[in-house]
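Chemist: just a sequence and a predicted model for now, questions to come.
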Amino acid sequence: MPRDDASGWMWLEASALAARAERLHRQYFHFALSQHRTPVWEPPVDVLETAGQLVIVVALPGVDSKTITSAIEGDALIVIGHRSLPNALNAAVIHRLELPYGRFERKVTLPSGRYGDVRSSLDNGCLTVTLDKLL
């Protein structure tokens, strides 16, 4: 569509942005099968590296820290846990449910290297796992 047709061009741009937003929304939470062949959801992660550390941030809004376990297995970090539906909503009529509930599991392959001291904290709905790099 020619750029001199402003209304048509703006509509196409708006439609493209809406489609991109929908794709990003679908990518935010994936559903998969765990090693035990049970359905789980996979939270999104960021993997960041500094000179001395590897930092993995896992988006877990509304997840109780008591339900989360994380471990290094071989060349991967595995994060497993559960998000429960709030008790107050058990009898509620659900009009929209976009946040996944139930068991989650995420396996993140780590960049090659050797890692030491592992620390984790849950803050503002994000689990941050910090691994010290060994030289």
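Modeler: Happy to help now that I have it.
Chemist: residues contacting the residue lying closest to residue 82 once chain neighbours are set aside?
Modeler: Ranked by C-beta to C-beta, 6 or more residues apart in numbering and with sequence neighbours excluded, the top spatial neighbour of residue 82 is residue 67, at 4.5 Å. The C-beta positions use only the backbone N, C-alpha and C, and glycine is treated the same way. Neighbouring residues of residue 67 by C-beta atoms under 8 Å, 6 or more residues apart in numbering: 81-84.
Chemist: least confident secondary structure element in this structure?
Modeler: Every helix and strand in the chain was compared by mean pLDDT, DSSP states H and E; the lowest is strand 30-33, with a mean of 59.
Chemist: can you name the next helix or strand after that strand?
Modeler: strand 39-42 (DSSP states H and E).
Chemist: which elements pack onto that next one?
Modeler: Here strand 39-42 touches strand 30-33, strand 102-109, going by 3 or more C-beta pairs under 8 Å, 6 or more residues apart in numbering; DSSP states H and E.
Chemist: okay, now the sheet partners of the helix or strand just after the longest one, with direction.
Modeler: Put plainly, it is strand 102-109. Per DSSP H and E, the first helix or strand lying C-terminal to strand 102-109 is strand 114-123. Strand pairing for strand 114-123, determined by DSSP bridges: strand 126-134 (antiparallel).
Chemist: and the strand it pairs with, how far out from the chain middle?
Modeler: 16 Å (C-alpha atoms, centre = their mean, to the nearest Å).
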